[in-house]
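**Student:** the amino acid sequence is not available; the structure is as follows:
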């Protein structure tokens with residue numbers, strides 16, 4: 001028996017989350033420092049246990065992102081066991097650069113990696129939108145650092161500590177942007193899990209902000225917010241929508257218009273503009289952090305440009321294929337097969353053209369419908385391609401007329417190919433409600449370099465031969 005059930009009602013998870021959040025948060029706020037450390041440790045252990053239970057039960061269909069998240073929780077548990085009073089005493093977000101800060105940053109890094117894996121798997125069809133969202137988040141994180149965090153850093157903040165807090169802020173903002181993008185495309189039960197993950201990141205950022213701002217009782221506020229963040233990520237793992245939250249969606253890349261690109265340009269200009277204002281004002285607090293944050297956006301911009309370039313190349317390949325191939329059968333269309341004939345005539349090899357006109361196709365089309373007729377044409381096209389092989393080209397002139405271009409070969413080889421075409425095309429064709437057969441009349445025309453026939457004359461000879469063959473068939477039937 002699998003637990004938690006993928007079909008279980010979501011309200012059970014919501015009720016359990018609210019109960020645990022109120023109980024653990026209220027108990028933490030009212031307890032003594034020693035009891036707070038115990039409550040904090042128990043909540044982390046309970047979150048890890050729920051994750052493991054969801055994985056072992058098979059509830060999480062794609063375990064890799066969740067395993068990375070468990071690694072982050074284990075680092076947080078280690079941090080709590082080594083320094084149980086670090087958050088309680090209000091050190092979170094103070095940029096002190098202590099080992100507890102670095103271990104917390106490493107845990108957040110694992111959360112970011114897990115989120116990136118989940119986003120990449122789910123939004124594979126909207127990779128450009130995810131990169132845009134991450135860029136918006138990074139740019140917003142830079143502005144948040146300048147206006148909120150940096151002005152309130154204590155005098156004892158170390159460069160290492162500032163770099164760690166800045167990294168946390170940027171990473172959290174980037175993940176928030178990506179999760180918001182996922183939430184906008186989510187449907188059904190997946191919204192619940194994505195909502196919990198988004199709330200986890202927001203609560204973690206709020207705990208970091210409370211510590212950085214030095215608000216009264218910041219140890220209490222940071223501790224409560226982090227406790228609830230642990231509970232939200234665990235609730236996301238056991239939510240009924242967790243299996244669907246990482247499943248790939250059918251959302252396609254949104255085509256960026258001028259408005260979208262304009263806002264992206266504004267976002268990318270925020271950090272340089274702030275740096276310029278600081279330089280003009282002679283702000284003594286201005287440091288290298290914001291330019292470094294701006295540099296982190298450059299790889300995302302390059303990735304975005306690469307994606308757009310790849311999309312353009314793919315579109316060009318699709319357009320080139322559509323311009324040269326028949327939409328129904330996938331063979332060369334009339335224009336392309338004529339170009340292939342011209343290229344073959346420019347070589348020093350004998351060229352043979354076989355015009356193939358189907359016999360008995362109209363009755364099939366009239367009796368069984370156009371869908372059946374299209375299926376017959378596709379089947380004939382596949383058979384012609386298989387018989388002709390790689391050395392020859394096959395095209396559709398229109399309707400039920402095809403052409404096979406033989407770029408080389410003796411007359412005997414061409415005659416053998418002609419017989420094999422007649423036998424292969426005439427084989428029964430199974431349809432949805434019946435089995436039909438069509439014949440083929442083939443008109444052949446051959447030229448050598450010495451004859452110097454152009455394409456028009458060659459096609460005319462093959463057409464005349466095909467018409468004579470049809471007249472002979474009709475006379476024989478009569």
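**Tutor:** Perfect, thanks for sending it. Owing to the predicted nature of the structure, the values given are computational and were not obtained by experimental measurement.
**Student:** ok, now how distant is residue 352 from residue 217?
**Tutor:** As judged by C-beta to C-beta, to the nearest Å, residue 352 and residue 217 stand 91 Å apart. Where you see a C-beta, it was placed from the backbone N, CA and C, and this is true even at glycine.
**Student:** looking at those two, which is more packed in?
**Tutor:** residue 352 (25 against 12; other C-beta atoms under 10 Å).
**Student:** neighbouring contacts of the helix or strand in which that one is found?
**Tutor:** According to DSSP states H and E, residue 352 maps onto strand 351-359. Residues outside strand 351-359 that contact it (C-beta atoms under 8 Å, 6 or more residues apart in numbering) are 341, 344-345, 376, 380, 384, 397, 400-407, 409, 414, 417-418, 421, 425, 438-448, 458-459, 462-463, 465-466, 470, 473.
**Student:** ok, it: who's next to it in the sheet?
**Tutor:** Paired neighbours of strand 351-359 in the sheet (DSSP bridges): strand 401-406 (antiparallel), strand 439-447 (antiparallel).
**Student:** chain center to the strand or helix carrying residue 231: distance?
**Tutor:** If you go by DSSP H and E, residue 231 is part of helix 218-238. Put simply, helix 218-238 sits 30 Å off its chain's centre (C-alpha atoms, centre = their mean, to the nearest Å).
**Student:** now do stretch 446-462
**Tutor:** Remark: stretch 446-462 is offset 51 Å from the chain centroid, using C-alpha atoms, centre = their mean.
**Student:** what helices or strands is the helix or strand hosting residue 192 leaning on?
**Tutor:** Using DSSP H and E, residue 192 sits within helix 190-213. The contact analysis (3 or more C-beta pairs under 8 Å, 6 or more residues apart in numbering; DSSP states H and E) places helix 190-213 against helix 10-30, helix 99-122, helix 159-185, helix 218-238, helix 242-245.
**Student:** mean confidence (pLDDT) on it, please.
**Tutor:** Average pLDDT, helix 190-213: 89.
**Student:** now do stretch 75-95
**Tutor:** pLDDT averaged over stretch 75-95 gives 88.
**Student:** for it, buried residues please.
**Tutor:** Buried positions in stretch 75-95, judged by neighbour count with 16 or more other C-beta atoms under 10 Å: 75-77, 79-80, 83-88, 90-95.
**Student:** just checking, residue 411 touches residue 446?
**Tutor:** Yes - applying C-beta atoms under 8 Å, one finds residue 411 in contact with residue 446, separated by 6.9 Å.
**Student:** of those two, who's got more company?
**Tutor:** residue 446 (18 against 11).
**Student:** which residue packs closest to that one, ignoring adjacent ones?
**Tutor:** For residue 446, ignoring the flanking residues on the chain, the nearest one in space by C-beta to C-beta, 6 or more residues apart in numbering is residue 352 at 4.5 Å.
**Student:** quickly list what that neighbour is bridged to.
**Tutor:** Using DSSP bridges, the beta-bridge partners of residue 352 come out as residue 406, residue 446.
**Student:** now for residue 448: which residues touch it?
**Tutor:** Contacts of residue 448 by C-beta under 8 Å, 6+ apart are 350-351.
**Student:** phi, psi of it?
**Tutor:** Residue 448 adopts backbone torsions of phi -120, psi 170, taken as degrees, to the nearest 10.
**Student:** state the distance from it to residue 405.
**Tutor:** Residue 448 is 15 Å from residue 405, by C-beta to C-beta.
**Student:** swap in residue 14?
**Tutor:** 68 Å.
**Student:** residue 57 and residue 77: what is the separation?
**Tutor:** For residue 57, the distance to residue 77 - C-beta to C-beta - is 22 Å.
**Student:** revised request: answer the last question for residue 27.
**Tutor:** Look at residue 27 and residue 77: by C-beta to C-beta, they are 19 Å apart.
**Student:** before we move on, the earlier item: more neighbours: residue 14 and residue 405, which one.
**Tutor:** The neighbour count for residue 14 versus residue 405, taken as other C-beta under 10 Å, is higher for residue 405 (22 against 14).
**Student:** what residues does the more buried one make contact with?
**Tutor:** 337, 340-341, 344, 351-354, 392-395.
**Student:** so what's it closest to, chain neighbours aside?
**Tutor:** Distance criterion C-beta to C-beta, 6+ apart; nearest residue to residue 405, sequence neighbours excluded, is residue 393 at 4.3 Å.
**Student:** and for residue 114?
**Tutor:** Nearest non-adjacent residue to residue 114 (C-beta to C-beta, 6+ apart): residue 68, at 3.6 Å.
**Student:** my read: that neighbour touches residue 112, true?
**Tutor:** No - assessed by C-beta under 8 Å, residue 68 is found out of contact with residue 112, at 9.2 Å.
**Student:** ok, and the helix or strand in the protein with the lowest average confidence?
**Tutor:** Least confident helix or strand of the chain, by mean pLDDT, DSSP states H and E, is helix 258-281 with a mean of 66.
**Student:** following element in sequence after that helix, please.
**Tutor:** Assigned by DSSP H and E, the successor of helix 258-281 is helix 289-324.
**Student:** other SSEs contacting that next one?
**Tutor:** Against helix 289-324 (3+ C-beta pairs under 8 Å, 6+ apart) you get helix 127-144, helix 159-185, helix 258-281, helix 334-345.
**Student:** how far does it sit from its chain's centre?
**Tutor:** The answer for helix 289-324 is 14 Å, by C-alpha atoms, centre = their mean.
**Student:** so where's the stretch 101-250 of the chain shaky on pLDDT?
**Tutor:** 122-125, 248-250 (pLDDT under 70).
**Student:** residues making contact with stretch 427-435?
**Tutor:** 368, 372, 375-376, 379-380, 383, 436-438.
**Student:** rerun that using 6 Å as the cut-off
**Tutor:** Applying C-beta atoms under 6 Å, 6 or more residues apart in numbering, the contact partners of stretch 427-435 are 372, 376, 379, 436-437.
**Student:** who wins on neighbours among these?
**Tutor:** Of the contacts of stretch 427-435, with other C-beta under 10 Å as the count, residue 376 tops at 22 neighbours.
**Student:** what helix or strand is that residue located in?
**Tutor:** helix 370-388.
**Student:** what pLDDT, on average, does the next helix or strand after that helix get?
**Tutor:** Counting by DSSP H and E, the next helix or strand C-terminal to helix 370-388 is strand 392-398. In this model, strand 392-398 carries a mean pLDDT of 92.
**Student:** what separates strand 392-398 from the chain centre, distance-wise?
**Tutor:** 36 Å.
**Student:** what is that strand packed up against?
**Tutor:** Packing partners of strand 392-398 (3 or more C-beta pairs under 6 Å, 6 or more residues apart in numbering; DSSP states H and E): helix 334-345, helix 370-388, strand 401-406.
**Student:** most tightly surrounded among those?
**Tutor:** strand 401-406 (a mean of 23; mean count of other C-beta atoms under 10 Å).
**Student:** orientation of it relative to helix 370-388 in degrees?
**Tutor:** Using axes from the mean of the first three to the mean of the last three C-alpha atoms, to 10 degrees, one finds that strand 401-406 and helix 370-388 are set 10 degrees apart in direction.
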